[in-house]
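Q: Got a predicted structure plus its sequence, pasted below:
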Amino acid sequence: MDTFRNMKIFVEVAEAGSFTAAAQHLDTTTGYVSRSISELEAHLRTRLLNRTTRRIALTEAGERYLNRCLAILESVSEAELEASDAHARPAGTLRVHAMSSIGQNYVVPAVAAFQERFPAVTVDLVLSQNVPDLLEEGYDVALRVSPRALPDSNYISHQLGAVQSVLCASPSYLEVHGVPESVDDLSHHTCLQVAIPIFPADRWTLIGPEGPREFPLPNMRFKVNLPDAMAMALHEGMGIGALPALTVRSAFRNGTLVRVLPEYYLQELNIYVVYASRQYLDAKIKAWVDFVKEWVADALREDSVGSRKSAQASEHDAA
């Protein structure tokens, strides 16, 4: 028996005052309405309606049951409206995950601009180097970084752009140890490594005029798992390291870091926005995905041009 359906029919009969009027309003037969009420009464083991040839009347139990049914149906209607509204109007809490450097340089500014447009959305942003399981850990959207295309999965992904990592060092380090003129010269320097899963721990893949070249890391006296910590080590003059260009653009501009071997860069990192499903997508998730596809992609393009100009300026100043 469909109890919820029979409750709705019972309410219709009680408000219409007859089986026939209720059947007409529900676009069904009087017999179907009568059987539904009988099923409901049998299920409850209680008479809800007193019937005569001329009219029907609620029993005392029927009046109490009617009030309960009206409250239940109103709650269901509100729940449906709220769910439908979530599909139409961005609101509520949006849980976002991003890797640290991407999050600090792009996602936080994007959130600020997004919330100006959609003030009813609260953003819960988590930054870490881990790759979470969106469903198990309760995230709505993730921004992921990968040197290659993401593997096929049940998730939907869109590439926002790409960022390059570059070699850099402080002017004080280069003044003491000299400026490397070739990849081979790196073997005479202290090389620092950012230890994150997307990069090999013991080598750099340098891409230059002759194509990619594997360089085993010699004298690696320091490695760390956060780009921000690597930037601090480089500022302290600890050696030469690789960082995403986006994290060192200001350092190139103010001269606290200098690009090393500027004709080379490390393997490009693709940036993706990832979410669970296209169908019946919550409005806040759809709005955020559409927003970052435009906002972050534009920022990446602008920074790509800006980092090249900053690097060229720092090379000129170093010379």
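A: That came through fine. Because the structure is a prediction, the values reported are computed rather than measured.

Q: in the stretch 101-250 of the chain, what spans have low per-residue confidence?
A: Applying pLDDT under 70 to the stretch 101-250 of the chain flags the ranges 152, 197-198, 218-219.

Q: quick one, strands of it?
A: With strands called from DSSP state E, counting those that start in this stretch, the stretch 101-250 of the chain shows them at 121-127, 141-146, 156-169, 191-194, 203-208, 211-216, 222-224, 240-244.

Q: any idea how this structure splits into domains?
A: Domain ranges of the chain: 3-87, 92-161+270-301, 162-269+304-318, per automatic domain parsing.

Q: Adding mean neighbour count, write the ones you listed out as CSV.
A: Quick note: C-beta positions are derived from backbone N, CA and C, even for glycine. Listed next are the domains of the chain as CSV, based on neighbours: other CB atoms under 10 Å:
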stretch, mean neighbour count
domain 3-87, 15
domain 92-161+270-301, 16
domain 162-269+304-318, 17
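
Q: and the gap between the spatially most central residue of the chain and residue 2?
A: For the chain, the residue sitting closest to the mean C-alpha position, by CA atoms, centre = their mean, is residue 141 at 1.9 Å. Look at residue 141 and residue 2: by CB to CB, to the nearest Å, they are 38 Å apart.

Q: what's the distance between the residue lying closest to residue 223 once chain neighbours are set aside and residue 230?
A: Using CB to CB, 6 or more residues apart in numbering and skipping the chain neighbours, the partner closest in space to residue 223 is residue 193 (4.1 Å). Residue 193 is 8 Å from residue 230, where distance means CB to CB.

Q: which residues do the two both contact?
A: 224, 241 (CB atoms under 8 Å, 6 or more residues apart in numbering).

Q: So for the residue nearest to residue 12 when sequence neighbours are not counted, what's the pLDDT?
A: Nearest-residue entry for residue 12: residue 22, 4.3 Å, with adjacent residues in sequence omitted and distances by CB to CB, 6+ apart. Note for residue 22: predicted pLDDT of 90.

Q: Correct me if wrong, but residue 22 is in a helix.
A: Yes: per DSSP: H, G, I helix; E, B strand; the rest coil, residue 22 lies within a helix segment.
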